[in-house]
Every structure is written in structure tokens, then in C-alpha cells.
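1. model this:
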Amino acid sequence: MPFAVAALSHTPMFGRIDPGGSMLEEVNAAIGRVRGFIETFDPEVIVSFGPDHLNGVLYEMMPSFAIGAQAEGVGDWGTRRGPLPVDAGTARLLHAEVLGRDIDVARSERLKVDHGMLQSLELIFGAGLPRPFVPVFVNSIGKPLGPMRRVRLFGEALGAAAATLGKRVLFTASGGLSHDPPVADFETGTPEVRERITHADITPEQIAQREAAVLAAGKRRAAGEGPAKLANEPWDREVLRVLASGDLSQADAWTSDWVLEGGAGAHEIRAWLAAYAALSAGGRYETVEENYWASRPWGCGFGIVTVQSVP
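-> Reported below is the predicted structural model:
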């Protein structure tokens with residue numbers, strides 16, 4: 001079956017801090033080409049892989065993977081708040097099919113989704129998200145994180161499940177690449193932090209407070225201040241090389257320590273790996289377009305890639 005991938009980085013700094021030079025114009029132009037690619041591919045099903053930033057999926061129940069049959073946006077960083085247009089029937093079918101392939105994955109009838117998935121989707125499809133999709137959560141923050149091999153196997157199982165649909169399937173991926181944002185840690189957090197990241201209904205006021213702190217840190221970084229790591233371009237290039245190679249078993253060797261060379265947020269590449277692995281279930285694939293920028297003001301390696309299966 002014809003499969004395709006559209007993978008986009010996300011960052012709260014988008015539209016809030018000037019990345020400098022012509023980068024913003026180049027990024028917007030590349031996003032426009034992604035829209036054209038998707039229009040030409042004309043997907044019948046959209047499956048979206050993305051992380052969460054301890055806004056929607058918390059330590060009260062932290063699965064490695066979850067497929068949302070119903071979902072709602074938490075509304076952080078200007079993304080949609082409230083019910084999302086989920087392709088519920090397809091989500092439930094894919095969930096059952098993945099389980100039947102010996103891969104454990106949770107199903108949620110109220111998956112809460114933050115900008116980790118929604119920013120990229122809204123950049124592609126618009127803030128109204130007019131197209132139904134299947135949201136797939138890939139844990140990239142909640143510790144301990146499983147081995148990358150499990151992410152690959154999960155993606156392959158979901159791709160094999162999608163192949164049973166007999167339809168054109170677009171897999172989107174949001175996250176990474178290298179970036180080092182402040183991340184709440186359960187082991188070192190205060191009792192208040194632990195409670196918030198274990199069980200909380202995030203209010204707009206709390207979202208505003210957290211965003212103000214992250215934006216302030218971003219501004220300090222853009223000014224050359226603060227301890228955060230900058231984009232790690234060699235690391236990013238290696239990730240993109242492996243994903244494009246078609247031999248995703250190379251990612252099995254990505255240890256947690258190696259991934260953290262890309263920063264505290266770098267484990268979001270798990271969403272990209274899952275999407276490429278799903279694509280690989282359709283056979284050989286080739287990159288249509290790859291774009292990459294290493295941005296000091298945004299504090300990240302920013303990638304936009306489109307890929308399509310080859311008959």
C-alpha cells in the first residue's frame with residue numbers, strides 16, 4: 001500500500017523569537033512544500049506520532065505508546081484546546097491489529113494532546129485541523145524510557161496494521177531534533193512538582209505560567225546566556241542519515257546516554273523513528289525532500305522531511 005511520511009520539528013519559539021537571517025522564511029516555504037506534497041499524495045488515512053511534555057500524559061499512567069480513539073488538545077502554546085477530529089474507527093482497528101502483532105500499546109478514549117503533536121499538525125493542515133487523524137503518543141520524557149528497538153518494532157507493527165486498511169496512509173511525526181528545554185523530573189522534583197506531573201488538570205493559568213518561564217529561558221538562550229545546550233548539528237545529521245537509509249535497525253544502538261547528547265528533549269526523535277518504521281512496513285522508501293537548520297535563537301535543530309514509499 002502507498003505510504004508517506006511528513007516529519008516536522010516543533011518549538012515553542014516558533015513565531016515568538018526570530019531565528020535570524022532568512023531561516024523563518026525558509027521554514028515557512030518548506031512547510032508550504034509539505035502541504036503540496038500531502039495534497040499530491042492525497043491521503044485517505046492520517047496517523048500522527050508525537051510526544052507529550054507532561055501536559056496530557058502524566059505519571060498517573062505513563063504508557064510507552066498509546067493510540068487515541070478520542071482526544072482533546074490541552075491548548076498550550078496557542079494550539080487547539082478541546083476536542084480533536086479523531087478518526088475513531090480507524091484508531092480502534094489499528095489498536096487491535098497492533099496488539100495482534102505482539103506489541104503492547106494502550107488505547108485512550110480521552111487522550112490529551114499538547115503542542116508536541118499539534119503544532120506540527122496545525123502548521124500543515126491549519127489551526128482548524130479539518131482532517132480527521134489518529135493520534136499516537138510516543139513517550140519521550142517519562143522515565144524510564146524503553147530501548148529504541150521497541151520503538152522501531154512498535155512502528156513496524158503499526159505500519160503492518162495500517163497496510164491491512166488498503167488505503168493511502170500518511171504518517172506524520174513531530175518532535176526533536178536536538179534541543180535542551182527545561183524538563184520536570186520526577187526523581188529530583190519537589191513534592192509539588194511530583195504531584196503536578198503525576199495527576200493534574202492543567203489550567204490555562206498554569207499553562208500561561210509555564211510558557212512564560214520557557215519563553216524567558218528561550219530569550220536568555222537567544223542572547224547567549226544560560227546553561228542550556230545549543231543545537232547539536234552532527235548528532236542531528238546522524239539521526240537524519242539513519243532514518244533516510246532504510247536500515248532502521250541501526251537505531252537499535254541509540255542508547256539513552258547517546259540520545260541525551262542532543263539535549264533533554266532529544267528523545268522526541270522516538271516519534272520520528274516510529275513514523276519511519278511504520279513507513280518501512282510498506283517496503284522500500286525514498287526521501288522526497290530534507291530540510292535542516294541549526295538555530296541558536298530557537299535552541300534546536302529544526303528538521304522538515306517528506307518521504308514516500310517506492311513501488
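2. Which is the succeeding secondary structure element to the strand or helix carrying Ile197?
-> Assessed by DSSP states H and E, Ile197 sits inside helix 191-198. Moving toward the C-terminus from helix 191-198, the first helix or strand encountered (DSSP H and E) is helix 204-222.
3. I'd like to check the angle between that following helix and helix 191-198, please.
-> Relative orientation of helix 204-222 versus helix 191-198 (axes from the mean of the first three to the mean of the last three CA atoms, to 10 degrees): 110 degrees.
4. what's helix 204-222 packed up against?
-> Judged by 3 or more CB pairs under 8 Å, 6 or more residues apart in numbering; DSSP states H and E, helix 204-222 has no packing partners among the helices and strands. From N, CA and C alone the C-beta is placed, and that goes for glycine too.
5. circling back to that earlier point, tell me which residues of the helix holding Ile197 are tucked away?
-> Arg194, Arg196, Ile197 (16 or more other CB atoms under 10 Å).
6. For the residue lying closest to Asp252 once chain neighbours are set aside, grab phi and psi.
-> Distances taken as CB to CB, 6 or more residues apart in numbering place Arg149 nearest to Asp252, at 4.3 Å, with adjacent residues excluded. Dihedral pair for Arg149: phi -60, psi -40, per degrees, to the nearest 10.
7. Model confidence for Arg149, exactly?
-> In this prediction, Arg149 carries a pLDDT score of 98.
8. roughly how far apart are it and Trp254?
-> Separation of Arg149 from Trp254 (CB to CB, to the nearest Å): 9 Å.
9. now do Val98
-> Val98 sits 22 Å away from Trp254, going by CB to CB.
10. repeat for Glu39
-> Per CB to CB, Glu39 is found 34 Å from Trp254.
11. quick one: which of the two has more around it?
-> Between Glu39 and Trp254, counting by other CB atoms under 10 Å, Trp254 is the more crowded of the two (23 against 9).
12. I figured that one hits Met148, correct?
-> Yes. Between Trp254 and Met148 there is a contact under CB atoms under 8 Å: 4.6 Å.
13. Over to stretch 263-270 now: how far is its first residue from its last?
-> End-to-end span of stretch 263-270 (CA to CA, to the nearest Å): 14 Å.
14. mind checking how far that stretch is from the chain centre?
-> Chain-centre distance of stretch 263-270: 9 Å, with CA atoms, centre = their mean, to the nearest Å.
15. For it, buried residues please.
-> Across stretch 263-270, burial judged by 16+ other CB under 10 Å covers Gly263, Gly265, Ala266, His267, Glu268, Ile269, Arg270.
16. likewise stretch 21-36?
-> Buried-residue list, stretch 21-36, by 16+ other CB under 10 Å: Met23, Leu24, Val27, Ala30, Ile31, Val34.
17. Which ones among those lie within helices?
-> Cross-referencing the buried residues of stretch 21-36 against helices under DSSP state H gives Met23, Leu24, Val27, Ala30, Ile31, Val34.
18. Dihedrals phi and psi, the closest residue to His179 other than its chain neighbours?
-> Among residues not flanking His179 along the chain, Cys300 sits closest, at 3.6 Å (CB to CB, 6+ apart). Note on Cys300: its backbone torsions stand at phi -160, psi 160 [degrees, to the nearest 10].
19. measure Cys300 to Met13 for me?
-> 8 Å.
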